[in-house]
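I'll drop the sequence and a predicted model, then ask my questions.
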Amino acid sequence: MKESLHTPWSDTCSLIRIETATDAQGYETETETAFPIACTWEDGTSQSEFYRSYKAGMQASNSVEIWKADMLRAWPRGTPGRRFVDFEGQRYKVLRDFPSGFDLQTLILSEVIR
């Protein structure tokens, strides 16, 4: 069982949506929208989640628990775009999400090197 040094719901992270569009001249442009929210940050992931991501060719590094309403506000269903989370100046890519309670979602993240 992993140990968390963070108090539940005391952390703040930003859900990032990056959308790509074509402008009038035919060039692709990216629009980045940030949604700051309260969250529960977990350093690391469970052993099974780490193994599952490794089998898929990815490397899970962290997880975060958020309110489902915040997730749907940042990333509405059917909205195209890439999903990221910013936490303490570091960007993470969302590998997968799943419900962890009635109104809660857990996001499995992979650190992005910039």
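Great, that's in hand.

Any idea how many residues pack against the closest residue to residue 86 other than its chain neighbours?
Nearest residue to residue 86, sequence neighbours excluded (C-beta to C-beta, 6 or more residues apart in numbering): residue 14, at 4.3 Å. Heads up, the C-betas are built off the backbone N, CA and C, glycines and all. Neighbours of residue 14 under the rule other C-beta atoms under 10 Å: 16.

quick one: contacts for residue 14?
34, 35, 36, 37, 85, 86, 87 (C-beta atoms under 8 Å, 6 or more residues apart in numbering).

Check which helix or strand the fifth one maps to.
Taking DSSP states H and E as the criterion, the element that holds residue 85 is strand 82-87.

Mind listing what's buried along the next helix or strand after that strand?
Using DSSP H and E, the helix or strand that follows strand 82-87 in sequence is strand 90-99. Buried residues in strand 90-99, counted by 16 or more other C-beta atoms under 10 Å: 92, 93, 94, 95, 97.

The last one and residue 109 touch, don't they?
It refers to residue 97. No: with contact defined as C-beta atoms under 8 Å, residue 97 does not reach residue 109; the gap is 9.8 Å.
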